[in-house]
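Sequence and predicted model, in that order:
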Amino acid sequence: MVYIWNAKIMTSESKFLPIEAKGKRPQFLDSPGLDKAMSIITALVGEVSVLHDEIDTLKRILIEKKIIDKNEDKSFSLDENAKKEREEWRDLYIENVFRVIEQDVKSMQSKIHKNK
């Protein structure tokens, strides 16, 4: 299966962002939790913006070439395979969005194991 992520072609076997930053995460707001939330929101805003532009471009091309009518996408139904592929993509996407929290959990687990 192939996914498009930040203008890169990714397969389901690929990791979205395999590189983790080393060192302490900079803090700009009053609490680390707010910084993490802002990081997640910023990542989501960027992704939604890119996706909107890509969808808009593709839809305009399809309409201009008379491949689809303007509102045809509103009545389209997915088959079960397409639904499954979307679910797999969504799981990987959510994993990537919340990676900052997962990295903190791994860091805490590592510290706990070192202290034992």
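Nice, I can see it. No experiment lies behind these values; they were computed from the predicted model shown.

ok, which stretches of this protein are helices?
32-64, 80-97, 99-115 (DSSP state H).

Same list, those helices, but as JSON lines with mean neighbour count please.
Where you see a C-beta, it was placed from the backbone N, CA and C, and this is true even at glycine. Formatted as JSON lines, those follow (neighbours: other C-beta atoms under 10 Å):
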{"stretch": "helix 32-64", "mean neighbour count": "12"}
{"stretch": "helix 80-97", "mean neighbour count": "12"}
{"stretch": "helix 99-115", "mean neighbour count": "11"}
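
Can you lay out those as TSV showing distance to residue 24 and mean pLDDT?
Shown next, in TSV, are the helices of the chain (distance: least, C-beta to C-beta, whole Å; pLDDT from 0 to 100):
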stretch	distance to residue 24	mean pLDDT
helix 32-64	10	90
helix 80-97	22	91
helix 99-115	10	81
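
just checking, residue 62 touches residue 69?
No - look at residue 62 against residue 69 with C-beta atoms under 8 Å: they stay out of range, at 9.4 Å.

In space, not sequence, find me the middle residue of this protein.
Nearest to the mean C-alpha position of the chain, counting by C-alpha atoms, centre = their mean, stands residue 93 at 3.6 Å.

Now do the contacts for it.
Contacts here follow C-beta atoms under 8 Å, 6 or more residues apart in numbering; on that basis residue 93 touches residue 47.

quick one: it from residue 41, how far?
15 Å (C-beta to C-beta, to the nearest Å).

ditto for residue 57
Following C-beta to C-beta, the distance that separates residue 57 from residue 41 is 25 Å.

Repeat that for residue 32.
In terms of C-beta to C-beta, residue 32 sits 15 Å off from residue 41.

before we move on, what about residue 61?
Using C-beta to C-beta, residue 61 is found at 31 Å from residue 41.

what do you get for residue 33?
Taking C-beta to C-beta, one finds residue 33 at 13 Å from residue 41.

residues shared between the contacts of the two?
Contacts common to residue 33 and residue 41, judged by C-beta under 8 Å, 6+ apart, are absent.

per-domain residue ranges of the chain.
33-71, 79-116 (automatic domain parsing).

so how far is the first one from its chain's centroid?
The reference is to domain 33-71. Relative to the centre of its chain, domain 33-71 is centred 12 Å away, using C-alpha atoms, centre = their mean, to the nearest Å.
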